[in-house]
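**Q** The sequence and its predicted three-dimensional model are supplied below.
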Amino acid sequence: MNCKCGSSRIVRISGKTSDLCYVSVPSLNIEGDGYVPNFIGEDGDYIRFSFCADCGQIQTDSDIHFPISDTTLKTQIRGM
């Protein structure tokens, strides 16, 4: 997998959080804690994402599609 910048230096992060995840979006004045929202993990217990070690861009190797709408953010975070 290569980044859009052309780099192959992709860092993958995965962590089991159980129900101890906290997410906030200050621009929407929302926050939540509990299970991991679908747009940053899977199965409610795992945070998973990748980023480019050269440019810092988040990589999309799952069903996440950007941009994430404000409605989706509000629904996912308030539903934690």
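**A** Ah, there it is.

**Q** and K74, what pLDDT?
**A** Per-residue pLDDT puts K74 at 92.

**Q** Kindly report the same for D61.
**A** 60.

**Q** Kindly report the same for H65.
**A** Confidence score, pLDDT, at H65: 77.

**Q** where's it, which helix or strand?
**A** Counting by DSSP states H and E, no helix or strand carries H65.

**Q** What's the separation between it and E31?
**A** 23 Å (C-beta to C-beta, to the nearest Å). The way it works is simple: take the backbone N, C-alpha and C, and place the C-beta from them, glycine included.

**Q** what does K74 give?
**A** Counting by C-beta to C-beta - K74 and E31 are separated by 11 Å.

**Q** still on that earlier bit, the more surrounded of H65 and E31?
**A** In terms of neighbours (other C-beta atoms under 10 Å), E31 is the more surrounded of H65 and E31; the figures are 13 against 10.

**Q** List the contacts of that one.
**A** Y22, V23, S24, V25, I77 (C-beta atoms under 8 Å, 6 or more residues apart in numbering).

**Q** That one pairs with what?
**A** Note on E31: beta-bridge partners by DSSP bridges are S24.

**Q** Let me see the confidence value for it.
**A** For E31, the predicted pLDDT is 93.

**Q** go on, M80?
**A** pLDDT, M80: 76.

**Q** Can you verify my assumption that it contacts G32?
**A** Yes: using C-beta atoms under 8 Å as the test, M80 is close enough to G32 to be in contact (3.8 Å).

**Q** joint contacts of the two?
**A** What both M80 and G32 touch, as defined by C-beta under 8 Å, 6+ apart, is the set V23.
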